[in-house]
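Colleague: model this:
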Amino acid sequence: MKKSSDEELANQADVGLRGQGALVEMMSRLKTSIDKLEKSTTFYSKWLVGLTLIITLLTLIFAF
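Modeller: Numbers count the residues shown, from 1 in each chain. All right, here's what the predicted structure looks like:
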């Protein structure tokens, strides 16, 4: 299947039955994008929690 831009897929979705495939393709792309974003967000969240713990530990060490 030819790679279409999101705008082209949206236009095809407005054109009756032929647009159903385009709508499914758009939803598939959206799901893929959300999955990628979720993975990177999880990575950075864990990194920030670790950094927070290290800073807290260093603060406690230098406070006493």
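Colleague: For the rest of this, base every contact and every neighbour count on C-alpha atoms.
Modeller: Will do.
Colleague: Helices of the chain, start to end?
Modeller: With DSSP state H as the definition, the chain shows helices at residue ranges 6-13, 19-63.
Colleague: just the angle between the shortest one and helix 19-63, please?
Modeller: Which is helix 6-13. Orientation note: helix 6-13 sits at an angle of 140 degrees relative to helix 19-63 (axes from the mean of the first three to the mean of the last three C-alpha atoms, to 10 degrees).
Colleague: where does the protein have low pLDDT?
Modeller: Low-confidence segments of the chain, defined by pLDDT under 70, span residues 1-2, 10, 13-20.
Colleague: Next one: the residue positioned nearest the centre of the chain relative to Leu30, how far apart?
Modeller: Here the mean C-alpha position of the chain is nearest to the C-alpha of Leu37 (C-alpha atoms, centre = their mean), at a distance of 2.1 Å. Noted for Leu37: a distance of 10 Å to Leu30, by C-alpha to C-alpha, to the nearest Å.
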